[in-house]
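Asks: Output the structure for:
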Amino acid sequence: MPEPREPPSPPQEQAGQPSGEPRRPPGQPARPQVLLAFDVGARRIGMAAGDTLTRTAAPRAAAVMRPGGPDWDAIARSVRELTPGRLIVGLPYNVDGTAGPMAALARRFGTALGERFGLPVEYVDERYSSLEATGALTGARARGERRRVRKQDVDSAAAAVILERWLAGQTG
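Replies: Next comes the predicted model:
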């Protein structure tokens, strides 16, 4: 009579990965992830969307920053429409690397954003993002690709720059 054998042990799982799926390197998302980025300002919050597959970002309509806080309804519409897996918030630093005067507002916004939507929030150095966005939009206007450059367009283009920086910092 053959000796009883122990059943084979199940394959090891990585956190958040059901068994049966192929293993992936640590830190690499299981599948492409939609991302939503924010450039927080005193009057508007620029928004941009992108994903980890194409590694590109596109500006979306900016939300208004009211005296009582952000236009959460406008932000919630984008979250519902896109169903992002992660939220990216630009954090304004000074040239010397210290936190800028708007950094506390951006952090408070990021904290509220994560709590409100139950999604992970990451911060990205947004230094010069508005300047970069303004240059790109002004260049597009000079080439006849845009009619005019509005402040809300700059805010959302800056959010796209922030998201592109986050994507550039990801490996895999």
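Asks: Quick check: neighbours of the strand ranked longest in the chain in the sheet, parallel or antiparallel?
Replies: Longest strand of the chain, by residue count under DSSP state E: strand 57-66. Sheet pairing for strand 57-66, assigned by DSSP bridges, gives strand 44-51 (antiparallel), strand 69-70 (antiparallel).
Asks: Chain neighbours aside, what residue packs nearest to V89?
Replies: Spatial nearest neighbour of V89, excluding adjacent residues (Cβ to Cβ, 6 or more residues apart in numbering): G110 at 4.1 Å. Just so you know, the C-beta spots here come from the backbone N, C-alpha and C atoms, and that holds for glycine as well.
Asks: secondary structure element for that neighbour?
Replies: Per DSSP states H and E: G110 is located in helix 103-117.
Asks: could you point out which element follows that helix?
Replies: Reading on from helix 103-117 to the C-terminus, the next helix or strand found by DSSP H and E is strand 121-125.
Asks: Pull out the buried residues from the helix holding G110.
Replies: By 16 or more other Cβ atoms under 10 Å, the buried positions in helix 103-117 come out as 103, 106-107, 109-110, 113, 117.
Asks: What's the first helix or strand after the helix or strand bottoming out on mean pLDDT in the chain?
Replies: In the chain, no helix or strand scores lower on mean pLDDT, DSSP states H and E than helix 129-142, which sits at a mean of 68. Downstream of helix 129-142, the first helix or strand assigned by DSSP H and E is helix 151-168.
Asks: roughly how far out does that next one sit from the chain middle?
Replies: Here helix 151-168 is found 9 Å from its chain centre; the criterion is Cα atoms, centre = their mean, to the nearest Å.
Asks: which regions of the chain sit below the pLDDT cut-off?
Replies: The chain contains residues with pLDDT under 70 at 1-30, 128, 132-135, 137, 139-142, 144-146, 149, 171-172.
Asks: and the longest strand of the chain, which residues are buried?
Replies: So strand 57-66, judged by 16+ other Cβ under 10 Å, has buried residues 57, 59-60, 62-63, 65.
Asks: now do stretch 71-87
Replies: Buried residues in stretch 71-87 (16+ other Cβ under 10 Å): 71, 75, 78-79, 82, 84-87.
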